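Participant: A structural model of the following input is requested.
(one chain, ligands or ions: 1)
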Amino acid sequence: MSQPRALLADVVPFSWVDGPGNRFAVFFQGCNLDCLACHNPHTMPQLTGRAREVTVDELVADVRRVAPFLSGVTVSGGEATLQASFVAAFFQTLHDDPATAALTRYVDSNGCADAATWDMLLPVTDGVMLDLKALDCETHLALTHHSNAPVLMSLHHLAAAGKLAEVRLLIVPGYNDGEDALRDTGDYLAEHAPGVPVRIIGFRPHGVRAAARDIPEPTTEDREHYAEWVASAVGAELVSIV
Ligand code: SF4
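Facilitator: Sure thing, here's the model as predicted:
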């Protein structure tokens, strides 16, 4: 029987920024959001001549070569859950292979996946790092051209399953950086994802499309304010700043 195949935008064998510890990061090609602040817009199209096609066995072989130096594997994108059947087979093979079984398996997601997709992935997934671009739906539409309803459903589903490892808030000045909005977001997370770490990520113009190049980069002081407003509800010990 033929193996599932995936389209990848890139692979980073050693990454310290895609989850806990040193990780093998796999960036899938294709995304179902259209974020103004995306700094990897080349990963958005699902069909592009730049993507590399791989089988599960080929990708697992790449992980095996560096497994002794890794804490785990993270699938990211683009949006990895758009190729969920492949991710499930990849994670299952990593789990079953003695050379890679000890590695943790994380998904970095924009949250636009349905419950059935998560139910396929969660049995072989240790944790999900979820982006919440905005709690307010209108702001989410302005930032991503999509409703945040599926993201909030994913947040609830993952929290209930005990697999929500982190919520990531990308703060884009002029859009989602208001004090009231961030305090509301903190309240929401304290209620619906209690105890889950929150990462505050300040917008950076590097690599973004022309439409976002004039958005200012938040200062260190701005980032500290964002963190303080969210932390007022979730607790300072759970909030980190990037
Ligand atoms: S979800 Fe991520 S990869 Fe997709 S468009 Fe938004 S920032 Fe880019």
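
Participant: so what's R105 up against?
Facilitator: Residues near R105 by Cβ atoms under 8 Å, 6 or more residues apart in numbering: G72, V73, F91, L94, H95, V124, T125, D126. For every residue, glycine as well, the C-beta is placed using N, CA and C.

Participant: a strand runs through it, doesn't it?
Facilitator: Yes: according to DSSP: H, G, I helix; E, B strand; the rest coil, the state of R105 is that of a strand.

Participant: What sits closest to it if chain neighbours are left out?
Facilitator: Using Cβ to Cβ, 6 or more residues apart in numbering and skipping the chain neighbours, the partner closest in space to R105 is F91 (4.7 Å).

Participant: before we move on, back to that, which members of the contacts of R105 are positioned in strands?
Facilitator: Residues of those located in strands (DSSP state E): G72, V73.

Participant: Neighbour count added to the contacts of R105, as CSV?
Facilitator: Putting these into CSV (neighbours: other Cβ atoms under 10 Å) gives the following:
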residue, neighbour count
G72, 23
V73, 25
F91, 24
L94, 25
H95, 16
V124, 17
T125, 22
D126, 18
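
Participant: what's the most distant pair in the contacts of R105?
Facilitator: G72 and V124 (12.6 Å; Cβ to Cβ).

Participant: for the biggest strand by length in the chain, packing partners?
Facilitator: Under DSSP E, the strand in the chain containing the largest number of residues is strand 5-15. Contact analysis of strand 5-15 by 3 or more Cβ pairs under 8 Å, 6 or more residues apart in numbering; DSSP states H and E lists strand 23-28, strand 52-55, helix 56-66, helix 84-96 as its packing neighbours.

Participant: Report the separation between the residue nearest to R105 and the ligand.
Facilitator: 20 Å (Cβ to the nearest ligand atom, to the nearest Å).

Participant: Now do the same for that residue: its pLDDT.
Facilitator: In this prediction, F91 carries a pLDDT score of 98.

Participant: give the contact list for it.
Facilitator: V73, R105, L121, V124, T125.

Participant: let's see 10 Å
Facilitator: Listed by Cβ atoms under 10 Å, 6 or more residues apart in numbering, the contact set of F91 reads 56, 60, 73, 75, 100, 103, 105-107, 121, 123-126.

Participant: coming back round to it: which positions in the longest strand of the chain come out as buried?
Facilitator: Neighbour-count burial for strand 5-15 flags A6, L7, L8, A9, D10, S15 (criterion: 16 or more other Cβ atoms under 10 Å).

Participant: So the fifth one sits against T43, correct?
Facilitator: Same thing as D10. Yes: using Cβ atoms under 10 Å, D10 is in contact with T43, at 8.0 Å.

Participant: What parts of the chain come near the ligand?
Facilitator: C31, L33, D34, C35, C38, N40, T43, M44, G77, G78, E79, N110 (Cβ under 6 Å from any ligand atom).

Participant: Have a look at these and tell me the least confident one.
Facilitator: Lowest confidence among the residues of the chain next to the ligand: N40, with 89.

Participant: For R23, give the beta-bridge partners.
Facilitator: According to DSSP bridges, the residues that bridge with R23 are S15, G72.
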